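In: The following block contains a protein sequence and its predicted model.
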Amino acid sequence: MCADTSADRPPSPLVRLNVDSDAPADVIDALFLGPFTRGDQPYARGHSVERVRSGASLLPPEARVVRSARDDDRRVLLAEGEGWSLLAARWNRSADVTVTAVSDELARTVLEQAVEGAEDDPEPQPEHVTMGFWYLSPRRGPHRTTRQISAGTWDEVRANYTAPVADAMGRLMKVTPDDIAGRLLLLHGPPGTGKTSALRTLARSWRDWCQVDCVLDPERLLNDVGYLMDIAIGEDDGSAKGRWRLLLLEDCDELIRGEARHAAGQALSRLLNLTDGLLGQGRNVLVGVTTNEDLERLHPAVVRPGRCLARIEVGPLTRTEAVGWLGREEGVGRSGATLAELFALRRGVGPASVPAQPHEGADAGLYL
């Protein structure tokens with residue numbers, strides 16, 4: 001269908017915007033773009049609100065709502081004022097607000113009034129850390145949201161790791177910006193050994209100088225140049241304040257395997273370019289990668305000297321360490337146990353029942 005946006009306007013070129021569906025929210029999107037497309041309001045500004053405060057209207061004073069629609073996953077408002085238009089789209093507790101206006105100054109002023117006081121600040125909790133999560137949304141494109149993640153201190157979780165790993169992790173937890181040489185952080189080893197748990201603690205240890213963001217779709221990131229550029233170059237809560245950023249790419253086995261096929265090789269090249277190539281120049285960006293692959297199977301370009309800030313093989317606890325962690329010998333094999341197996345034994349589940357890659361339960365996904 002087509003939305004004719006020329007009604008009740010001064011004479012100007014007729015603009016027809018095609019809408020792919022008949023959903024009212026999509027029609028409102030098209031109506032909003034009319035003044036900008038015709039050039040009546042050639043300036044635009046936008047802002048994302050992650051945690052919309054209860055009762056926030058996302059509208060400036062004197063706004064006149066001309067359209068409103070709600071569907072299963074979002075609510076859309078179109079409002080107008082003297083010389084400006086505003087589109088507010090809400091998803092659960094997050095929202096995008098965009099303003100077009102006859103001048104850039106007016107667009108900025110209206111946007112500031114609309115989002116002023118609209119975002120809730122999370123209550124500070126010492127045991128929590130703010131982590132970002134990137135994903136490529138079909139509707140919104142590259143998008144970042146934040147969550148408060150529970151993370152123990154290093155002293156609290158050190159016993160979860162075998163002695164050589166604990167020593168290496170302890171040094172990593174104390175790293176400061178002045179200590180950074182390589183830009184790549186590599187954690188590898190069998191599933192269930194606590195790689196993800198260590199990264200959450202690292203986010204807490206580094207939170208004064210580094211924003212940690214997890215990329216939920218790493219394969220799409222490294223195969224979509226536009227997505228990669230938005231994350232690497234675009235400003236966010238970390239880089240906007242001059243802080244470092246750590247981008248986490250989990251379970252990248254195929255990407256960094258030595259015999260990576262051609263497509264994966266292209267993605268690997270982009271990853272390495274982000275760490276120490278032209279793309280990473282002038283950006284305070286670190287890249288953290290986890291994999292279940294053995295070191296011998298990793299691509300030599302990944303593990304060459306000088307590229308890695310840290311390269312840590314995270315393995316199971318020895319039998320002595322596992323017995324000390326669990327407080328009993330029952331259930332612990334001769335070769336020791338992984339962290340996932342120990343938590344299963346503590347819950348009363350036999351080690352033979354522990355899946356290779358746990359996906360369910362309160363601890364699932366935390367000790368990969």
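Out: Noted; the coordinates are in hand.
In: per-domain residue ranges of the protein.
Out: The chain breaks down into these domains under automatic domain parsing: 2-115, 128-313.
In: among those domains, which gets the worst mean confidence?
Out: With a mean of 81, domain 128-313 has the lowest mean pLDDT of the domains of the chain.
In: mind checking the end-to-end distance for that domain?
Out: Using C-alpha to C-alpha, to the nearest Å, the end-to-end distance of domain 128-313 comes to 26 Å.
In: on that earlier part again, quick check: which of the domains of the chain is nearest to Phe343?
Out: Nearest of these to Phe343, taken as C-beta to C-beta: domain 128-313 at 9.0 Å. (Each C-beta comes from the backbone N, C-alpha and C, glycine too.)
In: chain center to the closest one: distance?
Out: Here the centre of domain 128-313 is set off from its chain's centre by 11 Å, with C-alpha atoms, centre = their mean, to the nearest Å.
In: mind listing the helices in this structure by residue range?
Out: 24-38, 104-115, 154-157, 163-173, 195-205, 218-223, 225-233, 253-256, 262-276, 300-303, 319-326, 339-346 (DSSP state H).
In: ranking the ones you listed by burial, who's on top?
Out: helix 339-346 (a mean of 24; mean count of other C-beta atoms under 10 Å).
In: For that one, name the packing helices and strands.
Out: helix 319-326 (3 or more C-beta pairs under 8 Å, 6 or more residues apart in numbering; DSSP states H and E).
In: State the mean pLDDT of the helix it packs on.
Out: Mean predicted lDDT for helix 319-326 stands at 95.
In: Touching that helix from outside, list them.
Out: For helix 319-326, contacts defined as C-beta atoms under 8 Å, 6 or more residues apart in numbering pick out 159-160, 162-163, 316-317, 329, 332-337, 342, 345-346.
In: for the residues you listed, which one is nearest Asp208?
Out: Distances from Asp208 to those, taken by C-beta to C-beta, are shortest for Asn160, at 23.3 Å.
In: Now do the contacts for Tyr161.
Out: 169, 194, 198, 314, 317, 339.
In: Look up the residues forming beta bridges with the fifth one.
Out: Think Leu317. Legend: beta-bridge partners of Leu317 under DSSP bridges are Ala337.
In: rewinding a little: arrange the domains of the chain in CSV, one row each, with distance to Glu321 as further columns.
Out: Below are these laid out as CSV (distance: least, C-beta to C-beta, whole Å):
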stretch, distance to Glu321
domain 2-115, 41
domain 128-313, 6
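In: Out of the contacts of helix 319-326, who's the most crowded?
Out: Highest neighbour count within these, by other C-beta atoms under 10 Å: Leu317, with 28 neighbours.
In: That residue touches Phe343, doesn't it?
Out: No: between Leu317 and Phe343 there is no contact, the gap being 11.8 Å when judged by C-beta atoms under 8 Å.
In: Quick check: end-to-end length of stretch 149-164?
Out: 27 Å.
In: How about stretch 76-85?
Out: First-to-last residue span, stretch 76-85, C-alpha to C-alpha: 13 Å.
In: residues of that stretch that come out buried?
Out: Within stretch 76-85, the residues scored as buried using 16 or more other C-beta atoms under 10 Å are 76-81, 84-85.
In: ok, so of those residues, who is nearest Leu246?
Out: Nearest to Leu246 among the buried residues of stretch 76-85, with distances taken as C-beta to C-beta, is Val76, at 34.7 Å.
In: so what's that closest one up against?
Out: By C-beta under 8 Å, 6+ apart, the neighbours of Val76 are 24-25, 28-29, 67-70, 87-90.
In: ok, back up a step: of the contacts of helix 319-326, closest to Ser205?
Out: Using C-beta to C-beta, Asn160 comes nearest to Ser205 of the contacts of helix 319-326, at 14.7 Å.
In: Surely that closest one touches Gly194?
Out: Yes: the pair Asn160 / Gly194 is scored as a contact, 5.2 Å apart, by C-beta under 8 Å.
In: any shared contact partners between these two?
Out: Joint contacts of Asn160 and Gly194 (C-beta under 8 Å, 6+ apart) are Leu339.
In: dump the residue contacts of Arg147.
Out: 130-131, 133.
In: Look up the residues forming beta bridges with it.
Out: Those that pair with Arg147 in a beta bridge, by DSSP bridges, are Met131.
In: In a markdown table: the buried residues of stretch 76-85, plus distance to Ala232.
Out: Below are the buried residues of stretch 76-85 laid out as a markdown table (distance: C-beta to C-beta, whole Å):
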| residue | distance to Ala232 |
| --- | --- |
| Val76 | 31 |
| Leu77 | 33 |
| Leu78 | 34 |
| Ala79 | 35 |
| Glu80 | 37 |
| Gly81 | 37 |
| Trp84 | 33 |
| Ser85 | 32 |
